[in-house]
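[1] mind looking at a prediction? Sequence and model below.
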Amino acid sequence: MMTDTLRAVILGIIEGVTEFLPVSSTGHLLLAERFFGLGEGAFWDSFTVLIQLGAILAIVGLYFGKLWRVALGMFSNADDRRFVIGVLVAFLPAVVVGLIAGKYIKSVLFNPWVVCFSLIVGGAILLWVDQLELKPREHDATRYPLLMYLWIGIAQCVAMIPGVSRSGASIVAAMLLGSDKRAAAEFSFFLAIPTMIGAFAYDFYKNRAEMTTDNLWIVAIGFVVSLVTAVVVVKTFLSYVTRHGFTLFAWWRVIVGTLGLIALALGM
């Protein structure tokens, strides 16, 4: 039997590696539960949401200087204030859709078949976008037009389907709307902050009765592992996509999704 500590470490690594890559952390965690017996049960369902805060703190740490400057300047600097408003505008569509359809999405779409098909389709879209001869107009994620922030937020809602990828949806939308690859990736990081903090707060409150001392210790392990892993991944990811694009991640999605469908068809 796998110990809870080892399970927390493995899930923390999966979360930290996949959260900010366009490969779907939710999809990978669901497949890990289905095929390897990781994360089964109500507590572990909450665990995979709670450890996202570790990945978010990685972003806050890496971009602390820029975020602190924006926080100080949003009351006196029009550009900083517009960026804060832009993040909130991009965040709101997910809130609305989540409140209206969140329970339906979780009850109907959270299954490995949907995850595998979404991984493959999303991989194909990434390959298509990566081959387009786009001419970026926007090179700073903090200076997008407000309407562009809104469209990215609407695109992010598609990622409520497991396997789509929150970062993937926002990156593709930003690139199609005129952003370069690096700025698109950076904005997906910034948009993750309110999105995932909101999910963390909601899930922690909803499942607070399960947060015993032992369970909190397990969450803390997953939290730290996801934080450290995410720091390494984000720093590597930005430099990689700037030079090489998203082809590697697209093919990863296609391969994982295809292997998952084969395993499901064989009854594994």
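    Received, thanks. Residues are numbered from 1 along each chain as shown.

[2] so which strand or helix has the residue lying farthest from the centre of the chain?
    Distance from the C-alpha centroid of the chain peaks at Ser76, with 31.4 Å (Cα atoms, centre = their mean). When elements are assigned from DSSP states H and E, Ser76 belongs to no helix and no strand.

[3] same question, Pro162
    Judged by DSSP H and E, Pro162 forms part of no helix or strand.

[4] go on, Val231?
    Counting by DSSP H and E, Val231 is part of helix 213-244.

[5] quick check: which helices or strands does that helix pack against?
    helix 4-18, helix 42-50, helix 52-62, helix 181-206 (3 or more Cβ pairs under 8 Å, 6 or more residues apart in numbering; DSSP states H and E). Quick note: C-beta positions are derived from backbone N, CA and C, even for glycine.

[6] one more pass at 6 Å, please.
    Packing partners of helix 213-244 (3 or more Cβ pairs under 6 Å, 6 or more residues apart in numbering; DSSP states H and E): helix 4-18, helix 52-62, helix 181-206.

[7] contacting residues for Ala141?
    Ala141 sits next to 183, 186-187 when contact means Cβ atoms under 6 Å, 6 or more residues apart in numbering.

[8] neighbour-wise, which of those leads?
    Within the contacts of Ala141, neighbour counts (other Cβ atoms under 10 Å) peak at Phe187, which reaches 28 neighbours.

[9] that residue and Trp128, how far apart?
    To Trp128, Phe187 is 20 Å away according to Cβ to Cβ, to the nearest Å.

[10] the nearest residue to Thr229 once chain neighbours are set aside: neighbouring residues, count only.
    The shortest distance from Thr229 to any non-neighbouring residue, by Cβ to Cβ, 6 or more residues apart in numbering, is to Gly16 (2.6 Å). Residues lying near Gly16 (other Cβ under 10 Å) number 28.

[11] buried residues in the helix or strand containing His28?
    Per DSSP H and E: His28 is located in helix 25-36. By neighbour count with 16 or more other Cβ atoms under 10 Å, helix 25-36 contains the buried residues 25-34.

[12] tell me which of the residues you listed is nearest to Gln52?
    Checking these against Gln52 with Cβ to Cβ, the nearest one is Ser25 at 7.7 Å.

[13] measure the residue nearest to the closest one when sequence neighbours are not counted to Pro162 for me?
    Ranked by Cβ to Cβ, 6+ apart and with sequence neighbours excluded, the top spatial neighbour of Ser25 is Thr18, at 4.0 Å. Per Cβ to Cβ, Thr18 is found 12 Å from Pro162.

[14] just checking, what packs against the helix or strand encompassing Phe249?
    Following DSSP H and E, one finds Phe249 within helix 247-265. Judged by 3+ Cβ pairs under 6 Å, 6+ apart, helix 247-265 is in contact with helix 112-131.

[15] show me what the next helix or strand after the helix it packs on is in contact with.
    Moving toward the C-terminus from helix 112-131, the next helix or strand (DSSP H and E) is helix 146-156. With contact meaning Cβ under 6 Å, 6+ apart, helix 146-156 is reached by 86, 89-90, 93-94, 166, 169-170, 173-174, 177.

[16] 8 Å instead, please
    Applying Cβ atoms under 8 Å, 6 or more residues apart in numbering, the contact partners of helix 146-156 are 82, 85-87, 89-94, 138, 144, 166, 169-170, 172-174, 177-179, 187, 191, 195.

[17] mutual contacts of Thr18 and Pro162, please.
    Going by Cβ under 8 Å, 6+ apart, residues that sit against Thr18 and also against Pro162 are Ser24.

[18] report the inter-axis angle for the lowest-mean-pLDDT helix or strand in the chain versus helix 25-36.
    Least confident helix or strand, the chain: helix 42-50 with a mean of 76, by mean pLDDT, DSSP states H and E. With axes from the mean of the first three to the mean of the last three Cα atoms, to 10 degrees as the basis, helix 42-50 and helix 25-36 are set at 150 degrees to each other.
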